[in-house]
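Chemist: Need a 3D model of the following:
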Amino acid sequence: MLKVATAIFLFIGIVGFASDKDLPIVKGEKIVATVNNEPITLYEFNQELATISQGTGGDQKAEREKISGLLRRLINTRLIVQEARRMGLDELKEVKERGDVFARQTLRDELIDRHVKDIKPEAKEVEKIYRESVKEFKIKSILFEKEGDASRMESLIKAGMNFDEAFEKFLSDKKGKGSEEGNYLRRKELLPEIEETVSKMTIGSFSPVIKIKSGYVIFKLEDIRFPEDPEIREKIKLDILLRKQKDAYFEYFNSLKKRYAKVDEGLLKGLDFESKEPGFDKLVKDKRVLVEIKGEKPITVGEFSDYMKQQLFHGVERAVEAKRLNKRKEQVLDEMLQKRILRKEALRLGIDKTEGYKYKLKENEYSLLFGAFIAKAVAPDIKLKEEELKAYYDQHIQEYTYPEMMKIRGLVFSKREDAEKALVNLRQGADFQWLKANAEGQVDSKAKGVLSFEGNLLTTKDLPENVQKAVSGAKSGDVRLFASPENYFYVLSIQEVVPPRPQPYPEVKEQIARKIYNEKLKKAVEDYADKLRAVSDVKVYLKDK
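Modeler: The predicted structure is shown next:
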């Protein structure tokens, strides 16, 4: 497999840039540019390029512009970082502390990633969970108000009467209510008592009488299917992967803990953080060794107690009152040990010397210094005036407009002729509710792919494209017809139309202010970088052919 650098530079060669063979080498690394003798390496360039190399669809001009823009951004960033150092911003306490925290956390993350990177979910396990997740039951059911009627139907079926015959009999006798066609339903769409029963049934069998909130039900399981749903399959893969990675991580940590740490279990068990005596203040000063760590400073009771105290965001007293501290002792100690032991193992394996780790530290340092420079040297000079906010609002009013909304009620049919008949009836003044209750050929609203229009206000632009076309230009009282890709025919009654209208200025003022501020800030940074570049020694080795 080609390495990232080689692969990307083959790509760069295609769109018109020189190959990596033409680049100079400094301290064993190829470089694309220098800024005041500080190199921007090919590795750094490729790492950034990899994050933006999608989405231009093979447009060579766009690719060249993207690469040139990236190189300019890297050079500008380096110029501003160098200026930040000259200002002494790298010596700020908050910058150093945040950098140290990032370095420690990243070192641990790199170790964990290395350990779990080859873990994959097993296909059989994915398929098993997937099938249970998408499984759909086709159920034909009948609902009774009286338990006696339900029991009589159950007795008839047990005596040999066909379920469908019994179903028809009790429907015609007005004893029960049901649908002639069974519906496919997933587990989550079933009542718990129904789901529990159907999961144990075979196709063609019928249920006993089941008591539900609205009465008594008997149903027949007509079919089971497993529809394809790529989104659910991918989610299951991810869930299994994360679980396996988590299990592998804790197994790995426990093995490292066994190798490096020796916990005084008796001392840990005896620590009482919920007692008034000796109290947190004395425990924080306790120098007894709680954990010995091979080749490292031990963890004392005091250090552990102080760490424990830092986790109590709502204060010690509230935690003591809640009686939850002692239960968390082992968990909190493991958190401390993870930080110490994982760092120790990562250093032993030399992860701190890898190119990837050093690149991440450098990127974080640049980010911290760049942010500090913006906060100290650029942002204070960015001013916003009320009149420019209002002017922007007036010039871009179309961006700050409430969209058109419609209140729609719908009927859906399986045949065009039935839909057209209903359309004519509505236009001639038929009552919508009466038509919904009596029109022939309607499709069950729960059928797969059926869109629901229940008279709620809907944003027109959020409707499916074919629906948008059907209702375009409609007014209150209009009736429209459209056919869906699923071969359903909809009759839409437009109940109300709310036209688009501008949002009041006070509502969007803060949003506009953020937009203008960010634009000004970006321009100010670019101008500052241009001034620095004018007085700096910048050499670019990545050339357009």
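
Chemist: When you work out contacts or count neighbours from here on, use the C-alpha atoms and nothing else.
Modeler: Noted.

Chemist: ok, now which ones touch Phe304?
Modeler: By C-alpha atoms under 8 Å, 6 or more residues apart in numbering, Phe304 lies in contact with Val284, Leu333, Met336.

Chemist: Counting by contacts, list what the helix or strand harbouring the second one packs against.
Modeler: Spelled out, that is Leu333. In the assignment (DSSP states H and E), Leu333 maps to helix 329-348. Here helix 329-348 touches helix 93-116, helix 230-260, helix 301-310, going by 3 or more C-alpha pairs under 8 Å, 6 or more residues apart in numbering; DSSP states H and E.

Chemist: Just send these back as CSV, with mean pLDDT and distance to Arg348 too.
Modeler: What follows is the helices and strands packed on helix 329-348, written out as CSV (pLDDT from 0 to 100; distance: least, C-alpha to C-alpha, whole Å):
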stretch, mean pLDDT, distance to Arg348
helix 93-116, 96, 11
helix 230-260, 96, 12
helix 301-310, 90, 24
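
Chemist: Tell me which of these lies nearest to Lys509.
Modeler: Minimum separation from Lys509 across the helices and strands packed on helix 329-348 (C-alpha to C-alpha) falls at helix 93-116, 32.8 Å.

Chemist: Also compute the angle for that closest one relative to helix 329-348, please.
Modeler: Here the directions of helix 93-116 and helix 329-348 differ by 80 degrees (axes from the mean of the first three to the mean of the last three C-alpha atoms, to 10 degrees).

Chemist: after helix 93-116 comes which helix or strand?
Modeler: Following helix 93-116 in sequence, per DSSP H and E, is helix 123-134.

Chemist: Please state the offset of that next one from the chain centre?
Modeler: Relative to its chain's centre, helix 123-134 lies at 22 Å (C-alpha atoms, centre = their mean, to the nearest Å).

Chemist: Would you mind checking the average pLDDT for that helix?
Modeler: When pLDDT is averaged over helix 123-134, the result is 94.

Chemist: Report the distance from the helix or strand just after it to the chain centre.
Modeler: Next in sequence after helix 123-134, counting helices and strands by DSSP H and E, comes strand 136-144. Computed by C-alpha atoms, centre = their mean, the chain-centroid distance of strand 136-144 equals 36 Å.

Chemist: what angle separates the helix or strand just after strand 136-144 from strand 136-144?
Modeler: For strand 136-144, the following helix or strand on the C-terminal side (DSSP H and E) is helix 147-158. Interaxial angle, helix 147-158 versus strand 136-144 (the same axes, to 10 degrees): 130 degrees.

Chemist: and the next helix or strand after helix 147-158, what other elements does it pack with?
Modeler: As assigned by DSSP H and E, the chain's next helix or strand after helix 147-158 is helix 163-172. The contact analysis (3+ C-alpha pairs under 8 Å, 6+ apart) places helix 163-172 against helix 147-158, strand 176-178.

Chemist: Show me what counts as buried in whichever strand or helix holds Lys211.
Modeler: Per DSSP H and E: Lys211 is located in strand 210-212. Across strand 210-212, burial judged by 16 or more other C-alpha atoms under 10 Å covers Ile210, Lys211.

Chemist: Name the surrounding residues that touch it.
Modeler: Applying C-alpha under 8 Å, 6+ apart, the external contacts of strand 210-212 come out as Glu193, Ile194, Tyr216, Val217, Ile218.

Chemist: Report the mean confidence score over it.
Modeler: Strand 210-212 shows a mean pLDDT of 92 in the predicted model.
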